[in-house]
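Novice: Could you look at this predicted model? Sequence included:
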Amino acid sequence: MTAPTILWLRRDLRLSDHPALSAAVDAGGPVIPVLIRDSVLKGQGAAPRWRLGLSIAAHRQVLEGKGSRLVLRSGEALGVLREMIEETGARAVYWTRLYDPESVARDTEVKAALKEDGIEAKSFGGHVLFEPWTVETQQGGPYKVYSPYWRAVKDREVEAPLPAPEKIPAPASWPESEALEDWQLGADMRRGAAVMAEHATVGEKAAQARLGGFTGQKIDAYKDKRDMVAEDGTSGLSENLTYGEITPHQCWHAGQRAREEQSGRGPETFLKELAWREFAYHLLHHFPKLATDNWRDEWDAFPWKEDQRIAEIKAWKQARTGIPLVDAALREMYVTGRMHNRARMIVASYLTKHLMVHWRVGLQWFEDCLTDWDPASNAMGWQWVAGCGPDAAPYFRIFNPETQAEKFDPDERYRRRWIAEGQRKPTETALSYFEAIPETWGMSPDDPYPKAPVVGLKAGREAALGAYERLKG
């Protein structure tokens, strides 16, 4: 018999459009899917780790329905894979490429070591549309600005999604697996997990239904409605893309079909958003420090605040800044695990500009709280808003939450949906916030809403602009 192939799963928990899985099946021998709880996985924030656990559980059921299994092991990846190779007689290990620095370092070590052992170690695409090293400027080298990047990729051919294999060959005997329940991936969520679970859309089947519903019913109005924070005008697919329950290829082709069938500009805007995600991975690949250091070195001298104990940071984290749109957005995140994209920009701008808090504080908080956390998009988004990143919004362009609310939440539905204090009959979603947050915060819907902002909009803007002028000087 052909020796088994180990399929090392990470952020690719699906059957369809899975190049590594298809190649493993085509190899002709048994396929042994394994997911490893290593330091990279354990290093994720509370909410994404919890949401990953839901995805693992869903995908395990799907595999079992195909006559396969998902083997769970703990330990550093190379050691675990070597153990499994010895146990199973496998001669190949396949996986889907990732692009964050920690994953790149791990995967590079694994590939080199396994090849030295005489094992076929092969990585495949699937997490992004365009491998970052395949898109170059006319002068050579990476793009640093989105607009020319979009022009370079918008007409590129994107591979058609692969079908799910009809059958996944199983080994005669399965390696032992740890119990997912013993991993306790949601332990750090505490009581918030039960609240957030009501808002999760988990698994490949649900992701495909979400994409179909969006392209069939909402994509035509996407350009006009995607910034209206109280509207259900976005795809919601960031959650599923994060865990590889759906692929950007599947989303891209669905968007292209919608563009051919519909007359509005919504489909093209959707494709541009997919390309924005690609651009983030393009940058993170070529500039790995994007997630840790200021993109522009001159910003190292900016007087950011980073002391987590200061009142401004505490108020921002607890969604008690006294700026209703900012607080509503943060509360949406604590209840659902996600935050409307327009609201993310406003929340990030208030923290980095009005409060003059380092973008890394916000980046790390989002990493802990978002179920659709994505290392590339999170890093680029924060640096873009802060003004210190690639293709950044100019520092003097400071989002005014009040004017943003007038434009994108004119009837206050979004703010009423998420802020309970001061309402005679608060919404269920607003009350859910107090069920999700740590009890140690000691907050109640009966508390009065802050009478004044922790930092006023006019004062914060003037202080930020003054610091920026001194930096330039």
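Specialist: It's in. Numbering: from 1, shown residues only.

Novice: Now do the buried residues in the helix or strand of the chain with the lowest mean pLDDT.
Specialist: When the helices and strands of the chain are scored by mean pLDDT, DSSP states H and E, helix 457-472 comes last with a mean of 93. Across helix 457-472, burial judged by 16 or more other Cβ atoms under 10 Å covers 457, 460, 461, 463, 464, 467, 468. Bear in mind the C-beta positions are built from the backbone N, C-alpha and C, glycine included.

Novice: right, and the second one touches residue 352 too?
Specialist: When you say that, I think you mean residue 460. No. Here residue 460 lies out of contact with residue 352, judged by Cβ atoms under 8 Å, at a distance of 10.5 Å.

Novice: which residues does residue 73 bridge with?
Specialist: Note on residue 73: beta-bridge partners by DSSP bridges are residue 36.

Novice: now residue 158: how far from residue 261?
Specialist: Per Cβ to Cβ, to the nearest Å, residue 158 is found 18 Å from residue 261.

Novice: Neighbour count for the two, which is higher?
Specialist: residue 158 (15 against 12; other Cβ atoms under 10 Å).

Novice: the domain parsing of this protein - what is it?
Specialist: 1-125, 128-159+195-286, 297-472 (automatic domain parsing).

Novice: Among those domains, single out whichever gets nearest to residue 165.
Specialist: Comparing these by their distance to residue 165 (Cβ to Cβ), the top pick is domain 1-125, with 4.6 Å.

Novice: starting at the chain centroid, how far to the closest one?
Specialist: 20 Å (Cα atoms, centre = their mean, to the nearest Å).

Novice: ok, now stretch 255-263?
Specialist: In terms of Cα atoms, centre = their mean, the centre of stretch 255-263 is found 26 Å from the chain centre.

Novice: Check stretch 402-415 too.
Specialist: Computed by Cα atoms, centre = their mean, the separation of stretch 402-415 from the middle of its chain amounts to 25 Å.

Novice: now swap in stretch 153-173 and tell me
Specialist: 22 Å.

Novice: Distance check, residue 78 against residue 33.
Specialist: 18 Å.

Novice: what sits up against stretch 138-146?
Specialist: 132, 135-137, 149, 152, 275-276, 279, 282-283, 285-287, 390-391 (Cβ atoms under 8 Å, 6 or more residues apart in numbering).

Novice: and these, which of them are in strands?
Specialist: The strands, defined by DSSP state E, take in nothing from the contacts of stretch 138-146.

Novice: Out of these, which one has the lowest pLDDT?
Specialist: Lowest in pLDDT among those is residue 391, which has 78.

Novice: Was I right to think that one contacts residue 384?
Specialist: Yes. Using Cβ under 8 Å, residue 391 makes contact with residue 384 at a distance of 6.7 Å.

Novice: Of these two, which one has the most company?
Specialist: Taking other Cβ under 10 Å, residue 391 and residue 384 do not tie; residue 384 has more neighbours (21 against 17).

Novice: measure residue 395 to residue 406 for me?
Specialist: Distance from residue 395 to residue 406, by Cβ to Cβ: 23 Å.

Novice: Which one's more surrounded, these two?
Specialist: residue 395 (20 against 12).

Novice: part of a strand, is that one?
Specialist: No. Applying DSSP: H, G, I helix; E, B strand; the rest coil, one finds residue 395 to be coil, outside a strand.

Novice: For the closest residue to it other than its chain neighbours, give me its contacts.
Specialist: In space, and not counting its chain neighbours, residue 395 is closest to residue 387: 3.5 Å by Cβ to Cβ, 6 or more residues apart in numbering. Residues in contact with residue 387 (Cβ under 8 Å, 6+ apart) are 299, 352, 353, 393, 394, 395, 397, 468.

Novice: what pLDDT does residue 451 get?
Specialist: 94.

Novice: still on that earlier bit, ChimeraX command for the buried members of the contacts of residue 387?
Specialist: Buried members of these, defined by 16+ other Cβ under 10 Å, are picked up in ChimeraX with:
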select :299,352,353,393,395,468
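
Novice: Quick check: the gap between the closest residue in space to residue 285 that isn't next to it in sequence and residue 262.
Specialist: For residue 285, ignoring the flanking residues on the chain, the nearest one in space by Cβ to Cβ, 6+ apart is residue 132 at 3.6 Å. As defined by Cβ to Cβ, residue 132 lies at a distance of 31 Å from residue 262.

Novice: Those two: which has the busier surroundings?
Specialist: Using other Cβ under 10 Å as the criterion, residue 132 and residue 262 rank with residue 132 on top: 20 against 14.

Novice: The more buried one contacts residue 286, doesn't it?
Specialist: Yes. Between residue 132 and residue 286 there is a contact under Cβ under 8 Å: 6.4 Å.

Novice: and residue 289, how many neighbours?
Specialist: With other Cβ under 10 Å as criterion, residue 289 counts 11.
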